[in-house]
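Student: predicted model and sequence below, questions to follow.
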Amino acid sequence: MFLASSGQDAFGALKDLLLEMAQERDLAALLPLIVQRLAESSEDVVLARIWLLGPPDACATCKNAPLCPEKQQCLHLAASAIRTRGGPVIVDRALKGAFRRIPIGAFKVGKVLAKRTPLVVGDTTNDPHIARPEWIRAEGIQSFGGHPLLYREDVLGVLGVFVRVKLDDGALDVLRLLASHAAAAIASARAFDQIGRLQQRLERENEYLREVVTARDASNLVGSSAAALQIKEQIELVAPTDASVLITGESGTGKELVAEAIHRRSLRSSAALIRVNCAAIPRELYESEFFGHKKGAFSGASNERVGRFEAADGGTLFLDEVGEIPIDLQGKLLRVLQEGTFERVGETRSRRVDVRIVAATNRDLAREVAEGRFRQDLFYRLSVFPIETPPLRSRREDVPLLAEHLITRICRRMHREPPSLGAAQLRALEGYYWPGNVRELANVLERAVISTPRTAAELVLPPLESPSERSAPKVSGAPPPAPATRIVSEAEMRRLERANLELALEAAQGRIYGRGGAADLLGVKPTTLASRLKKLALGGSAGAKPEG
């Protein structure tokens, strides 16, 4: 037997068990293996058990609950093998009984864990603290040996054995060896289990992302205008290269979509596209976010962390809002771009990465350079191939295509049939200034879809007027009107007023009252509008009377 003999057979059996333990990666199979091999090693082994530390989960039914006042953690019986006198070894799969949960510090097993030291009782028959003396006498048990399962600085549980022979110092050494290897094997099995779960999760996420990427293909770069076609042509030119790309443009013009398209069409498309919103990173965490840190590098660095550059190795790093990086940190970013090397925070070892940079900003970086807020050398390093995404007001001919595309996507997400866009709604969309660009268009259309009844065939468009837009032009493709340079006659004023009212009625489909009605579009009271229409011999259809 391992614990009572130092012969060659005992050594060989012990060696075989240690090898088996090292090779088993499944915790559910490892624990029964250990106790079974211990019980099989000799007829003198009566009981071999492993308890693992865990949260209290059975306090309502646990007989030992009164001994556990704090109820934060306790020992869970995880594996048990018993060999009655003259009987075979039986591995207990039910794991029930009075000692299935043991409070820390209670009984001999709980004291082993609390003190983190081994315990050997050499005369169990005369020990007044034995919980079941009748069982001890019936089985002829003489000794108990318990050893904490320690892995590095963590205590995982307790290994305990009851045997029919005396346990000496040599047996304690063997028990220590078994417990040490068992703890390492348990920690390894848990790590493999966690890796397996993370791998499954990663596979599910990758499958989802592949579906998203498939859905977000080139069709997301919607448009047939000269500006849209130029963007697509620039993407096709630069994507197969490793050149750094700087995408500029107003907020909401689709800079991230352009970056995604460049990555998908590059030779790095099978690797990761890592996104960093530079405006969202606290100043003191820039280095850690970009380059990672080692454990203990600074207050709060409780774990080692991989930075965005390292995560993007072999792929593309998209630096959104790159103009927000503080100038005193831009030099460290420049070094990585020039040399391809960096150090994690708290480390002195240099690491090498192969990353393509695609950056985006809504700032005028050339002006930022001139005013000393952005490094000139970094600007030139980032803008090897500049791409400017045009505002929506400069490609109004793309608005119908974009609107149809966005409505279809919104309705797919809401699980409903997309309503159609009428001529009046399209004119309203094309005539709006769109200070928020495509993002604002998407928000307006989503609000419209939500407001449109599911039974309606046509989209109910909300009013397109905002404080930032009232002074903006509403004629498709036209620049802001110049100040009036001539006096307008009364007859011409009436003609203009009549034409404006007709346009409002057409946009509101003849309705005067309610949200989206002609009065709402014109910003006047419905009664005032009704009076003007009557005066000009014009009339609205449904909605000429207020609801209710």
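Tutor: Cool, the structure landed.

Student: how many residues are close by E347?
Tutor: Neighbourhood size, E347 [other Cβ atoms under 10 Å]: 15. To be clear about C-beta, it is placed using only N, CA and C from the backbone, and glycine gets the same treatment.

Student: that's a strand at it, yeah?
Tutor: No: looking at E347 with DSSP: H, G, I helix; E, B strand; the rest coil, it is coil, so not inside a strand.

Student: quick check: the gap between it and K295.
Tutor: 10 Å (Cβ to Cβ, to the nearest Å).

Student: how about the nearest residue to S143, chain neighbours excluded?
Tutor: In space, S143 comes closest to L167 once its chain neighbours are excluded; the distance is 4.2 Å by Cβ to Cβ, 6 or more residues apart in numbering.

Student: is it true that that neighbour touches G122?
Tutor: Yes: using Cβ atoms under 8 Å, L167 makes contact with G122 at a distance of 6.3 Å.

Student: please enumerate the shared neighbours of the two.
Tutor: S143 (Cβ atoms under 8 Å, 6 or more residues apart in numbering).

Student: tell me which of those two has more neighbours.
Tutor: The neighbour comparison of L167 against G122 (other Cβ under 10 Å) goes to L167, with 20 against 14.

Student: could you look up the SS state of that one?
Tutor: Taking three-state DSSP, the label given to L167 is coil.

Student: repeat that for L267.
Tutor: Relying on three-state DSSP, one would call L267 coil.

Student: for it, give me its contacts.
Tutor: L267 touches P240, D242, counting by Cβ under 8 Å, 6+ apart.

Student: next one: it from T316, what distance?
Tutor: Taken as Cβ to Cβ, the span from L267 to T316 is 10 Å.

Student: check I247 too.
Tutor: With Cβ to Cβ as the criterion, I247 and T316 are 12 Å apart.

Student: need the overlap of contacts for the two.
Tutor: A259, V358.

Student: tell me which of those two has more neighbours.
Tutor: I247 (28 against 24).

Student: domains for this structure, by residue range?
Tutor: 8-193, 240-390, 393-477, 486-548 (automatic domain parsing).

Student: low-scoring stretches of this structure, by residue?
Tutor: Applying pLDDT under 70 to the chain flags residues 1-11, 205-220, 465-489, 492, 515, 539-548.

Student: list the contacts for the closest residue in space to T341 that isn't next to it in sequence?
Tutor: Excluding its sequence neighbours, the residue lying closest to T341 (Cβ to Cβ, 6+ apart) is S350, at 4.7 Å. Applying Cβ under 8 Å, 6+ apart to S350 gives the contacts T341, F342, E343.

Student: same deal with V155?
Tutor: L53, L113, R116, P148, L149.

Student: okay, buried residues for the helix or strand it falls within please.
Tutor: Counting by DSSP states H and E, the element that carries V155 is strand 154-163. For strand 154-163, the neighbour count (16 or more other Cβ atoms under 10 Å) marks V155, L156, G157, V158, L159, G160, V161, F162, V163 as buried.
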